[in-house]
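[1] need a structure here:
(chains A and B)
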Amino acid sequence: MSNLHYALYTGCTAKQSTPELLSSTLAVAEKLGIEITILEEASCCGASHLQDFDEFLAHVLNARNICYAEKLGLTMITICNTCQLNSAMTKHALDTNPELKARVNEKLAEVGLEYKGSSEIKHFLYALTEDYGLEAIKDKVTTPLSNFNIAPFYGCHNIRPGELHHSSNGNENSYVPKSLDKLIDALEGHPVDYESKNKCCGFHVELQATHTSEVLAGNALVDAIDNNADMVVTPCPLCHLKMDTYQDDVGKVIGRDVEIPVLHMPQMVALALGATEEEIGLKFHVSKAKQIFAEATA
Amino acid sequence: MSDTQKSDTRKVKIKAFRFNAETDYLPYTKEYEMEVGKDELVLDLMNRIKWEHDGSFSYRRSCRHGICGACGIKVNGKPVLACKQNAIELLDLFDNDITLEPQSKKRAVKDMIIDKGDFWEKHAAVKPYIVADIDPRPAKESKQSIAEFNALLDADLCIQCGACHYACPALEVNPDYLGPAALAAAFRFTADTRDEATEERLKITFETGAGVWDCVKCFECAEACPKEVNPIEKIGKLHNMQFEHKVARSNVATRHAEGFVRSIRKHGFLDEADIVVYSEGYLGMHKHMKTAMKMLKAGKIHFTDALPFVDNVPKSKNLEEIQKLIDISMTNKL
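    As a prediction, the model looks like this:
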């Protein structure tokens, strides 16, 4: 048992269209002895779209989510880059702007809550690589991923803007991100070096600028495939949804077959730590991915 | 020079993108070996290539003080202002292997020099000046308070270097998009209390294809800016202002933004199926049917999700708190 204990902010996607993200996250935590308390009170982070409509309301709702982690005295962890961004953005705004913090707390007081700023917010990726540690993870690997060339796809919101990714969230340089590469290495997989690893997947304009969205996802998938990747791995379920679910549409726009499995970061770790097929949940992928479990455990 | 100062230099091979649109069919890369000192800037490296290696090497430079915006280039894809960026820091970041590139290879004219016409065209399109009906010979100044100046959120610091513009992936794919620099300028003048073109500028920045709703939210512009203007923050402000000033019309993008409130009020969480139906409208759903069928097959969504009388969406605990907070905190309407 490690002595790590986190408040898990699941976000909406892990509770709906990507159940495999939640089950694999919990499996990884269990394998590593990390204690997780799910923040059942939490609401949607706004995904940057609520922020476009009403920034103040988004700050109030995100501050409320953080309040519940503060009440537990725990660091809040996220399993979605966009949840990480929007929660950290509210924390940053409130911690640096006393006037805004007071306005938000005035609203929160109406439901008996107060935002203090006492909990850190970090993505599960960095809880694993920084808090638990790569060496310790390496020791727990039962199914080395040595059969696979794995293309890390970092996802914008966990590496940019730099001011939100200070020491408590990886402190990664967005032009040369390394955490996911190192994690793949620790699981004995072969990290694929390719230019698109820190680029945008296009998810956020899927509805209103579909062509832009498909081209961006396509560029990244093609780049990974052309550099001999067997799979793409991402810490963000929105990148996952864009790159997994829309492969047919993306392929049509790009004019090329872009079929490749796209795994969530915790699915990859769960696979290497010997989690069950059910926990890893590859059956929930739209593109062909189920074979990976057999290939890894063969 | 003392020995300690000497040890601060580093012998490296600097690569540079070379291309002359008048004579070259394709660009090529050349290497230049040099000792780089700890205080040298990327601009010094470019000067040394030109002065010590090849006089034909071309780039723009002027003030050397980070204010004229002429010397913006990219190094290994990272946008930099050459006169502000320390060279050793970059060599450390990229393991001593750096390539100097123009901001946009496809717009290269000669080496680092690009045709920046598209940048200026976009910039001009947002009316980047104060529009006001004022007396040309006023008796007193039109003063701004500190609070009024602070409301510009440093957007006034933009030096039009193009770093964000040529880092923007949305603009790379969609040439109609105004891009982060022009949109930050649109915010700067719209937020100015002396300006009288609020509605006009908000309408320009609302346009589908060109305006703020085509931003992909990648934050590349925030990282690229050498003056910390944070263009995407200004894009976010423009989104909000379009609702505040009732310029926003109901379309797929605005319903998508506003639809989050509808979902959160009902469930605390986002209803992933409902947000697509609500944003697109039932008629717009045809283009999502194929994807929906695939998601259904994989068990990502369920047949009953689409039925109005079945509620499969998980609920946040203490939902009434969330509903109350929405009621007392919401400021905008669609």
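
[2] Count the residues that sit near residue A:292.
    If you count neighbours by other C-beta atoms under 10 Å in any protein chain shown, residue A:292 ends up with 22. Quick note: C-beta positions are derived from backbone N, CA and C, even for glycine.

[3] Give the buried residues for whichever strand or helix holds it.
    Here residue A:292, judged by DSSP states H and E, is contained in helix A:291-297. Residues of helix A:291-297 classed as buried by neighbour count (16 or more other C-beta atoms under 10 Å in any protein chain shown): A:292, A:293, A:296.

[4] Can I get it in CSV, CA atoms only?
    Extracted in CSV, the C-alpha atoms of helix A:291-297 (Å, rounded to 0.1, in the frame of the first residue of the first chain):
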residue,chain,number,x,y,z
GLN,A,291,-6.7,-7.6,-30.0
ILE,A,292,-4.2,-5.5,-27.9
PHE,A,293,-5.1,-7.4,-24.8
ALA,A,294,-4.3,-10.8,-26.4
GLU,A,295,-1.1,-9.4,-28.1
ALA,A,296,0.1,-8.0,-24.8
THR,A,297,-0.6,-11.1,-22.7
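
[5] ok, and what's touching that helix?
    The contact list for helix A:291-297, computed with C-beta atoms under 8 Å, 6 or more residues apart in numbering or on different chains, reads A:143, A:145, A:147, A:148, A:231, A:261, A:263, A:271, A:272, A:277, A:280, A:282.

[6] Contacts only, for the closest residue to the fifth one other than its chain neighbours.
    It stands for residue A:231. In space, and not counting its chain neighbours, residue A:231 is closest to residue A:261: 4.4 Å by C-beta to C-beta, 6 or more residues apart in numbering or on different chains. Residues in contact with residue A:261 (C-beta under 8 Å, 6+ apart) are A:230, A:231, A:232, A:244, A:282, A:285, A:287, A:288, A:289, A:292.

[7] Same list, those, but as CSV with secondary structure please.
    Listed next are the contacts of residue A:261 as CSV, based on DSSP: H, G, I helix; E, B strand; the rest coil:
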residue, secondary structure
A:230, coil
A:231, strand
A:232, strand
A:244, helix
A:282, helix
A:285, coil
A:287, coil
A:288, coil
A:289, coil
A:292, helix
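
[8] are any of those residues buried, and which?
    A:230, A:231, A:232, A:244, A:282, A:285, A:287, A:289, A:292.

[9] Phi first, then psi, for the residue lying closest to residue B:39 once chain neighbours are set aside.
    Counting by C-beta to C-beta, 6+ apart, residue B:39 lies nearest to residue B:86, which is 7.5 Å off, once chain neighbours are set aside. The phi and psi values for residue B:86, taken as degrees, to the nearest 10, are phi -70, psi 140.

[10] Residue B:86 contacts residue B:40, correct?
    Yes: with contact defined as C-beta atoms under 8 Å, residue B:86 reaches residue B:40; the gap is 7.5 Å.

[11] any common contacting residues for these two?
    In contact with both residue B:86 and residue B:40: no residue, using C-beta under 8 Å, 6+ apart.

[12] okay, now the domains of chain A?
    A:5-122, A:141-297 (automatic domain parsing).
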